[in-house]
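Visitor: Model the following, please.
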Amino acid sequence: MDNQLKILITGVLDTAATKTNLASALKGLNGTVTVNTGAATKSMKVFNAEIEKSIAGNKLSSFFRINTVAAKKYENQMNTLKGSLSKVTNANELKSWNKEFTNLTGKIKASGDLGSGVFESVTKNAKKFFAWILSSGGIMAVVGALKGIVTNVKNIDLQMTELKKVTDETDQAYSNFLDNASKKAVELGSKISDLVSATAEFARLGYSTDDAFSLAEVATIYKNVGDNIGSISEASGVLISSLKAFNISADESIRLVDALNLVGNKYAIGSNDLGQALQRSASALASANNTYEESLGLITSAYEIVQNAEVVGTAIKTISMRLRNSAGDLEKYGEDADGAAESVTKLQEQVKDLSGVDIMIDKDNFKSTYQVIKELSLVWDKLTDKTQADLTRLISGQRQGNVFGALVSNMKNGVAATETALNSAGKQNCQYVQKCA
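Guide: This next block holds a predicted model:
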């Protein structure tokens, strides 16, 4: 089959016993695995990186295990190095880590805190580590890692098959795509299969392969910087709802993550909660003349008090529809019509009589939900309890009254969050990605 090969593993070892161990351990894999060449190569790079990280970790542990004086005195620095090593994802980062390790050991040696012969001991321990790799236990660990590679390759092939179902590219174009996906996965600290899967998901919606890949990259960044986002599919779903609702192009899509992340960092709401609430309300909010940033402001205003993304998203959807539809229209759309006005004209009159706020710009155009709530929030404290109750029932109905009350009482933060979103371009949290888009 074109572009296919069998993984062959040859051990060149010094002892007959080690050769026997290797042959036995690989028996279950020999001659059974046939995979895509490109995918296998990409996964092998990940495997090699893990071995390099293991060697570095062993070097660090050996150094401080041998020299107990330095281990106590430099415990914080040692823990920092351990933590940074766990986040290493590519050769350049490992090179930087090794440089930090060398600088620290040099500092220890210069201070006189290094025991005699320690470097010789570290060297001996490093040799023991390589001997372990060539031993039975080490070989089994390597084979276990190879099995993991096989699983990853199969996942990549599966997702590539899904991508090919919804796109029409040449074999060379797909090969180039896989190369780019491999590089971007390392850059973003992601799985190749996740990037391919997300690309297929966006391509299924009609985006070109290039645009779909760009959107997959943005979805991966959102998954990285978001709070408790379970999967790339979940991250993609949030972006899809906003891209479509607010008519945002693929080229501008990073703006969505910039805003979600910065608002999530500055206010009492996580970027995942923002996304989940927005996914339930984006279409209705966009139809009600709200911008993407204003929508984030409304959600933040309510969520800071209610603390439930699903409840907030559903309520804001309902409120945005009730501010521009009659009771009959709401029933037709399957929405709660409790307390709603008989007509839009009546709605306009009743809201204005109760609060002084006009829901219309002119006779043909509605104000956005954001603008109406903002204006209501400015007079809310001046209204009587009865007037507040009448407005709540008219605009939100009793079921969503709690969220409506949160909106108008906390709209000051909603306005601030909107401004934060508007000024968020290029400020996504780079701590969780290897390179910002």
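Visitor: Could you pull up the contacting residues of Ala185?
Guide: Lys42, Lys191, Ile192, Asp194, Leu195 (Cβ atoms under 8 Å, 6 or more residues apart in numbering). C-beta coordinates here come from the backbone N, C-alpha and C atoms, glycine included.
Visitor: Tell me how far the nearest residue in space to the fourth one that is not next to it in sequence lies from Val238.
Guide: In this case it means Asp194. Of all residues not flanking Asp194 in the chain, Ile232 sits nearest, at 4.3 Å (Cβ to Cβ, 6 or more residues apart in numbering). Distance of Ile232 to Val238, given as Cβ to Cβ, to the nearest Å: 11 Å.
Visitor: If you count surrounding residues, which of the two has more?
Guide: Val238 (26 against 22; other Cβ atoms under 10 Å).
Visitor: Other residues contacting the helix or strand hosting that one?
Guide: Val238 belongs to helix 232-245 when assigned by DSSP states H and E. Applying Cβ under 8 Å, 6+ apart, the contact partners of helix 232-245 are 190, 194-195, 197-198, 201-202, 205, 215-216, 218-220, 222-223, 226, 229, 248, 250, 253, 256-257, 260, 275-276, 278-279, 282-283, 285-286, 292.
Visitor: tell me which residues in the strand or helix carrying Gln371 are buried?
Guide: Using DSSP H and E, Gln371 maps to helix 369-379. By neighbour count with 16 or more other Cβ atoms under 10 Å, helix 369-379 contains the buried residues Thr369, Tyr370, Gln371, Val372, Ile373, Lys374, Glu375, Leu376, Ser377.
Visitor: Compute the distance from the centre of that helix to the centre of its chain.
Guide: Remark: helix 369-379 is offset 33 Å from the chain centroid, using Cα atoms, centre = their mean, to the nearest Å.
Visitor: What's the first helix or strand after it?
Guide: helix 385-395.
Visitor: That next one: which residues count as buried?
Guide: Gln388, Asp390, Leu391, Thr392, Leu394, Ile395.
Visitor: those helices in the stretch 201-350 of the chain, which residues are they?
Guide: Applying DSSP state H, counting those that start in this stretch to the stretch 201-350 of the chain gives helices spanning 209-225, 232-245, 254-266, 271-287, 292-306, 309-322, 327-332, 344-355.
Visitor: For Ser233, the count of nearby residues, please.
Guide: 14.
Visitor: distance of it from Phe202?
Guide: 11 Å.
Visitor: and for those two, which residues touch both?
Guide: With Cβ under 8 Å, 6+ apart, Ser233 and Phe202 have no common neighbours.
Visitor: and the closest residue to Val311 other than its chain neighbours, what does it touch?
Guide: Nearest non-adjacent residue to Val311, counting by Cβ to Cβ, 6+ apart: Val403, 6.6 Å away. Residues near Val403 by Cβ under 8 Å, 6+ apart: Ala302, Val306, Val311, Val312, Ala315, Ile316, Ile319, Ser396.
Visitor: Adding neighbour count, pLDDT and distance to Glu100, write the residues you listed out as a markdown table.
Guide: Shown next, in a markdown table, are these (neighbours: other Cβ atoms under 10 Å; pLDDT from 0 to 100; distance: Cβ to Cβ, whole Å):
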| residue | neighbour count | pLDDT | distance to Glu100 |
| --- | --- | --- | --- |
| Ala302 | 33 | 97 | 45 |
| Val306 | 18 | 96 | 45 |
| Val311 | 17 | 97 | 47 |
| Val312 | 32 | 97 | 44 |
| Ala315 | 26 | 96 | 50 |
| Ile316 | 32 | 97 | 48 |
| Ile319 | 25 | 96 | 53 |
| Ser396 | 26 | 94 | 56 |
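Visitor: Can you give the contact residues for the host helix or strand of Gly83?
Guide: Using DSSP H and E, Gly83 sits in helix 75-86. Outside helix 75-86, the residues that touch it by Cβ under 8 Å, 6+ apart are Lys53, Ala56, Gly57, Leu60, Phe64, Ala71, Trp97, Glu100, Phe101, Leu104.
Visitor: centroid residue for this protein?
Guide: Residue closest to the average C-alpha location in the chain (Cα atoms, centre = their mean): Lys223, at 0.7 Å.
Visitor: Tell me if I'm right that that residue and Ile229 touch.
Guide: Yes. Lys223 lies in contact with Ile229 (Cβ atoms under 8 Å); the separation is 4.8 Å.
Visitor: For the buried ones among the contacts of helix 75-86, write the corresponding ChimeraX selection.
Guide: Here is the ChimeraX selection string for the buried members of those, based on 16+ other Cβ under 10 Å:
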select :53,56,57,60,64,97,101,104
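Visitor: Find me the pLDDT at the nearest residue to Met411 once chain neighbours are set aside, would you?
Guide: Spatial nearest neighbour of Met411, chain neighbours left out: Ser377 (3.6 Å); criterion: Cβ to Cβ, 6+ apart. Turning to Ser377, the model gives it a pLDDT of 97.
Visitor: Contacts only, for Ser377.
Guide: Contacts of Ser377 (Cβ under 8 Å, 6+ apart): Leu407, Val408, Ser409, Met411, Lys412.
Visitor: Sweet, I'm off.
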